[in-house]
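[1] give me a 3D structure for the following:
(one chain, ligands or ions: 2)
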Amino acid sequence: MNVLVTGGAGFIGSNFVYYQLKNHPEDKVIVVDKLTYAGNLSTLKPIMDKIVFEKVDICDEKEIDRVFREHKPDVVVNFAAESHVDRSIENPNVFLETNIMGTANMMNHCRKYGDIRYHQVSTDEVYGDLPLDRPDLLFTEETPIHTSSPYSASKASADLLVGAYLRTFGLPVTISRCSNNYGPYHFPEKLIPLMIANALADKPLPVYGKGENVRDWLYVEDHCSAIDLIIRKGKIGEVYNIGGNNEIHNIDIVKMICEKLDKPESLITYVTDRKGHDLRYAIDSSKIQRELGWTPATTFPEGLQKTVDWYLANKDWWEEIISGEYQNYYEKMYGNR
Ligand code: NAD
Ligand code: TYD
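    Ligands and ions are numbered 1, 2, ... in the order given. You can find the predicted model right below:
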């Protein structure tokens, strides 16, 4: 099978490419990535001879057409996206372009080249948020879409388009909506790697608001195994929620990271809250567990230890990132907060 992975030089996409090579060595993997600030070719360096890499923007009609013609994918898995909520608050437009128009462009080519199977990697953020004091409430696949940030609105728009291509054109599509991932190759603008990098440099650990917001954390490899099951055994037209059953307050994660790195909690600095900050995400993933037999393999304590160990062992990877353009980003986002 020829598997076309967009956004394969980013955090989850690259982990998925490694997962595919390990578990389906007979398949051909084609990676399409624009290499934005979030894409990193050094992540794929050890496997460059085992994959096809195309530096292409998913919005580029002509180039995507060429990629389909040359590499004849049997399935497309669309990870490519602008993915950071804080950046979407600063500049929504690029989120609309890549996340919506890019999705449409990929599906148009799936139609053109013979109704190729298409999987949209979506997010639990399309469901909005849940109250902190109602632990009984979880997002199911039937929860109405109700978005908060330009990021989640762009992802929700893409999901609606995917549904429309199924109903109008009969394109064989699936959608997965996953909770917060963590693990190797996570770009250091996101909570867990940012806190690890800052703690190691004895820099302040900027916690938004009171740190009471809750996310449901899933080790990235478990997200990859779920998507792999969906593209091979998932039912066309279905949405599958994916989640770790690991609801944790942000402040508790930051304290765990301090403890693991033997750094004082006095580094924790409460800063101005994110605009429109979602309070709590929590996923009911019983459908994919029941219908496809998926279960997460990594507990949160194991996963966090593996992640911290990975960042300690791979300083070159992230130190290079935070020494460049990231400095300007950090100053802009956190300088006066
Ligand atoms: P990321 O920001 O780490 O990586 C995104 C990748 O897409 C980068 O390699 C980037 O270069 C590439 N890209 C961006 N715009 C592109 C374009 N126009 N054309 C081609 N490539 C482009 O993101 P991530 O955290 O790996 O997220 C991957 C997907 O998973 C996204 O669709 C995101 O919405 C979804 N998701 C993420 C999480 C999470 O916790 N990170 C949770 C649920 C769903
Ligand atoms: P993030 O990793 O950006 O993921 P998302 O917003 O998609 O859930 O943030 C996770 C949580 O951590 C979110 O509630 C915002 C919070 N956060 C901080 O408190 N400080 C930070 O510096 C960052 C990046 C996030």
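[2] spell out which parts of the stretch 101-250 of the chain neighbour ligand 1.
    102, 121, 123, 155, 178, 180-181, 187 (C-beta under 6 Å from any ligand atom). For the C-beta atoms, the positions are set from N, CA and C on the backbone; glycine is no exception.
[3] 8 Å instead?
    The stretch 101-250 of the chain comes close to ligand 1 at residues 102, 121-125, 151, 155, 177-182, 185-187, 190, 218, 223, as judged by C-beta under 8 Å from any ligand atom.
[4] which ones among these lie within strands?
    Among those, the members falling in strands (DSSP state E) are 121-123, 177-178, 180-182, 218.
[5] helices or strands next to the longest helix along the chain in the packing?
    In the chain, taking DSSP state H as the definition, the longest helix is helix 150-169. Helix 150-169 sits against helix 85-90, helix 93-96, helix 102-112, strand 117-123, strand 173-178, with contacts defined as 3 or more C-beta pairs under 8 Å, 6 or more residues apart in numbering; DSSP states H and E.
[6] let me know the average pLDDT across that helix.
    In this model, helix 150-169 has an average pLDDT of 98.
[7] what about the strands in the stretch 1-150 of the chain?
    2-6, 28-32, 52-54, 75-78, 117-123 (DSSP state E, counting those that start in this stretch).
[8] near ligand 1, anything from the shortest one?
    No: Strand 52-54 stays clear of ligand 1 (C-beta under 8 Å from any ligand atom), getting no nearer than 9.4 Å.
[9] identify the residues contacting that strand?
    Identification of contacts with strand 52-54 by C-beta atoms under 8 Å, 6 or more residues apart in numbering yields 8, 28-33, 41, 44, 63, 67, 71.
[10] mind listing the strands it pairs with, and their directions?
    strand 28-32 (parallel) (DSSP bridges).
[11] what angle separates the partner strand from strand 2-6?
    Counting by axes from the mean of the first three to the mean of the last three C-alpha atoms, to 10 degrees, strand 28-32 lies at 20 degrees to strand 2-6.
[12] CA-only coordinates of strand 28-32 in PDB, if you can.
    This file holds the C-alpha atoms of strand 28-32, laid out as PDB (Å, rounded to 0.1, in the frame of the first residue of the first chain):
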ATOM      1  CA  LYS A  28       5.700   2.800   0.800                       C
ATOM      2  CA  VAL A  29       5.500   6.000   2.700                       C
ATOM      3  CA  ILE A  30       5.400   9.400   0.900                       C
ATOM      4  CA  VAL A  31       5.800  12.400   3.100                       C
ATOM      5  CA  VAL A  32       4.500  15.800   1.900                       C
END
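[13] which stretches in the chain count as helices?
    Using DSSP H, helices in the chain cover 11-23, 41-44, 61-71, 85-90, 93-96, 102-112, 150-169, 191-200, 220-233, 250-261, 286-292, 300-313, 315-323, 326-334.
[14] for the nearest residue to residue 314 once chain neighbours are set aside, give me its contacts.
    Excluding the flanking residues, the one nearest residue 314 by C-beta to C-beta, 6 or more residues apart in numbering is residue 184, at 7.3 Å. Shown in contact with residue 184 (C-beta under 8 Å, 6+ apart): 15, 220, 306-307, 310, 314.
[15] do residue 127 as well
    139, 143-146, 177, 281.
[16] that one and residue 24, how far apart?
    Distance, residue 127 to residue 24, by C-beta to C-beta, to the nearest Å: 31 Å.
[17] what of residue 243?
    The gap separating residue 243 from residue 24 is 24 Å, by C-beta to C-beta.
[18] do residue 99 as well
    Taking C-beta to C-beta as the measure, residue 99 falls 27 Å from residue 24.
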